[in-house]
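>>> here is my input, please return the structure:
(2 chains)
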Amino acid sequence: GENVEQHPSTLSVQEGDSAVIKCTYSDSASNYFPWYKQELGKGPQLIIDIRSNVGEKKDQRIAVTLNKTAKHFSLHITETQPEDSAVYFCAAGGSGTYKYIFGTGTRLKVLA
Amino acid sequence: DTAVSQTPKYLVTQMGNDKSIKCEQNLGHDTMYWYKQDSKKFLKIMFSYNNKELIINETVPNRFSPKSPDKAHLNLHINSLELGDSAVYFCASSLGTVSYNEQFFGPGTRLTVL
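Sure thing, here's the model as predicted:
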């Protein structure tokens, strides 16, 4: 069945360093890849997304890259700050479908 | 504030009871969802409604029954609660049904079954 693998499950970085979270999806029909950030006690919130016709997208300190051939996509956070500490989820959405398959989440800790 | 809201935020109940969680969105969206997040933070879709019609029904026990009285509301009723139902339940909404429409999540309802 459809599956999205996400690594690592936990990630600790020093403030100011970069963080990279990687996901792999199985459904070749997937064409939309959002990333959500979930802070403690809150619901997930979209931080960046990418469609399959684009290889990279950047928004300030956050960037996402997509390799459709390998079915890989990654989240890159540069100059990390303590407020970046949260659980991050990748997801894959298919063509014509509104259903997301979420990755298993990455708990990011930014150490001051 | 425009948002997705859920009530209650916390729900503690005994095994075997029946309970409901309510969700409302004032974003003008026509598609709403229920997700379950277990203790390991795994987020899995349960149901989705578009214009009050059920469009996604994952392999969820029949004890779970969603109800959408109108486009702005999607409630979740759970019968005969079991220990394994303990989780955080999130409601979400989006404009339209294509995958690249952002899903907006509510704050979650933490259900604890004793």
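>>> from here on, contacts and neighbour counts on C-alpha atoms
OK.
>>> what mean pLDDT does stretch A:87-103 get?
Taken as a whole, stretch A:87-103 has a mean pLDDT of 84.
>>> now it: buried residues?
Neighbour-count burial for stretch A:87-103 flags A:87-94, A:98-103 (criterion: 16 or more other C-alpha atoms under 10 Å in any protein chain shown).
>>> could you do stretch A:46-66 as well?
So stretch A:46-66, judged by 16+ other C-alpha under 10 Å, has buried residues A:46, A:48-51, A:56, A:62-66.
>>> tell me the least confident of these?
Minimum pLDDT across the buried residues of stretch A:46-66 falls on A:Arg51, with 90.
>>> how about it, what does it touch?
Contacts of A:Arg51 were listed using C-alpha atoms under 8 Å, 6 or more residues apart in numbering or on different chains, and they are A:31-33, B:100.
>>> state the distance from it to B:Lys22.
Distance check for A:Arg51 against B:Lys22: by C-alpha to C-alpha, to the nearest Å, it reads 33 Å.
>>> quick check, nearest of the buried residues of stretch A:87-103 to chain B?
A:Tyr98 (4.0 Å; C-alpha to the nearest C-alpha).
>>> quick check: A:Asp27 touching A:Lys68?
No: contact criterion C-alpha atoms under 8 Å: A:Asp27 and A:Lys68 do not qualify, at 10.7 Å.
>>> and stretch B:20-28, anywhere near chain A?
No: using C-alpha under 8 Å from any C-alpha of the partner chain, stretch B:20-28 stays clear of chain A, with a minimum separation of 13.2 Å.
>>> and the contacts of that stretch?
Contacts of stretch B:20-28 (C-alpha under 8 Å, 6+ apart): B:2-8, B:72-78, B:91, B:93, B:95, B:109.
>>> show me what the helix or strand A:Tyr88 falls within pairs with in its sheet, parallel or antiparallel.
Assigned by DSSP states H and E, A:Tyr88 falls within strand A:86-94. Strand A:86-94 has the following strand partners under DSSP bridges: strand A:30-38 (antiparallel), strand A:100-102 (antiparallel), strand A:106-111 (antiparallel).
>>> what's the first helix or strand after the lowest-mean-pLDDT helix or strand in chain B?
The weakest-scoring helix or strand in chain B, judged by mean pLDDT, DSSP states H and E, is strand B:53-57 (a mean of 85). With elements assigned by DSSP H and E, the helix or strand that comes after strand B:53-57 is strand B:64-70.
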